[in-house]
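Engineer: Need the 3D shape of this:
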Amino acid sequence: MAYNHCVMVKTMDEIEAGFKKLEQKIKELQEKSESLSQDIRDHEKELLAQMAKSAIPVIGIVGLNMLRMGKQDTKGEIYDPAFYSQKMIILGKAVKPAAFRPDNTQKEVIDQFCVLSEDGQFFELMYSFDGFLHDSFLNPIDTKTAIDRYGYDIIFMLYRAMHDYLKGEEALVEALEKVISYIFAPKQ
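Structural biologist: As a prediction, this is how the structure comes out:
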């Protein structure tokens with residue numbers, strides 16, 4: 001019985017020592033995580049700018065032609081639409097839009113989005129509606145303003161757009177490879 005007790009005590013001591021090592025490792029990782037997180041926060045503008053630069057070729061392909069202005073009929077349908085010449089991707093929507101547009105303080109903002117244009121510039125796309133005409137203002141913003149107003153969601157959305165584009169390209173290449181192998185397969 002004494003032998004089992006000694007083995008049990010030794011096992012318990014080993015478990016306790018291992019547990020303390022785990023606690024220490026967790027503490028070290030948490031401290032390192034906080035340090036790395038701070039490094040990212042300190043360089044968030046540079047990260048977003050570099051991501052935007054890298055995404056430029058993709059935006060021209062997957063971006064949207066955003067409505068610049070259009071008239072709304074009685075059924076709520078838009079007619080005579082005019083679009084911005086550059087394609088854009090939407091990265092975020094303002095929870096609380098600005099009270100008015102910077103270009104015209106008489107125009108209330110009903111919707112406001114953070115967008116990235118195909119030339120790598122960030123904008124706030126601000127829409128107004130006077131009961132007949134939907135029109136917008138493209139307010140240029142820098143990366144710091146974009147992050148301050150729209151949060152880290154815009155970094156995630158930009159990453160997600162690139163990720164989804166990559167998946168689409170992989171699927172396209174795979175499909176093309178299948179077609180080519182089918183076309184050039186030996187005839188039987």
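Engineer: When you work out contacts or count neighbours from here on, use the C-alpha atoms and nothing else.
Structural biologist: Fine.
Engineer: From residue 30, how far off is the residue nearest the centre of the chain?
Structural biologist: Ranked by distance to the mean C-alpha position of the chain (CA atoms, centre = their mean), the top residue is residue 157 at 1.3 Å. Applying CA to CA, to the nearest Å, the value for residue 157 to residue 30 is 26 Å.
Engineer: With residue 156 instead?
Structural biologist: Applying CA to CA, one obtains 22 Å for the distance of residue 156 from residue 30.
Engineer: What's the first helix or strand after the longest strand that the chain contains?
Structural biologist: If you go by DSSP state E, the chain has its longest strand at strand 78-93. Under the assignment DSSP states H and E, the closest C-terminal helix or strand after strand 78-93 is strand 100-101.
Engineer: What is that next one packed up against?
Structural biologist: Using 3 or more CA pairs under 8 Å, 6 or more residues apart in numbering; DSSP states H and E as the contact criterion, the elements in contact with strand 100-101 are strand 104-108.
Engineer: Tell me the strands beside the strand it packs on, with direction?
Structural biologist: The strands beside strand 104-108 in its sheet (DSSP bridges) come out as strand 100-101 (antiparallel).
Engineer: can you list the residues that contact the strand it pairs with?
Structural biologist: Counting by CA atoms under 8 Å, 6 or more residues apart in numbering, the neighbours of strand 100-101 from elsewhere in the structure are 106, 107, 108, 109, 126, 137.
Engineer: now with 6 Å?
Structural biologist: 107, 108, 109 (CA atoms under 6 Å, 6 or more residues apart in numbering).
Engineer: Now do residue 80, the pLDDT please.
Structural biologist: With respect to pLDDT, residue 80 has a value of 92.
Engineer: roughly how far out does the helix or strand hosting residue 168 sit from the chain middle?
Structural biologist: Element membership of residue 168 [criterion: DSSP H and E] is helix 153-183. Taking the mean of its C-alpha atoms, helix 153-183 sits 17 Å from the chain's own mean (CA atoms, centre = their mean, to the nearest Å).
Engineer: and that helix, what other elements does it pack with?
Structural biologist: In this structure, helix 153-183 makes packing contacts with strand 78-93, judged by 3 or more CA pairs under 6 Å, 6 or more residues apart in numbering; DSSP states H and E.
Engineer: So which bits of the strand it packs on are buried?
Structural biologist: Neighbour counts over strand 78-93 (16 or more other CA atoms under 10 Å) mark 78, 87, 88, 89, 90, 91, 92, 93 as buried.
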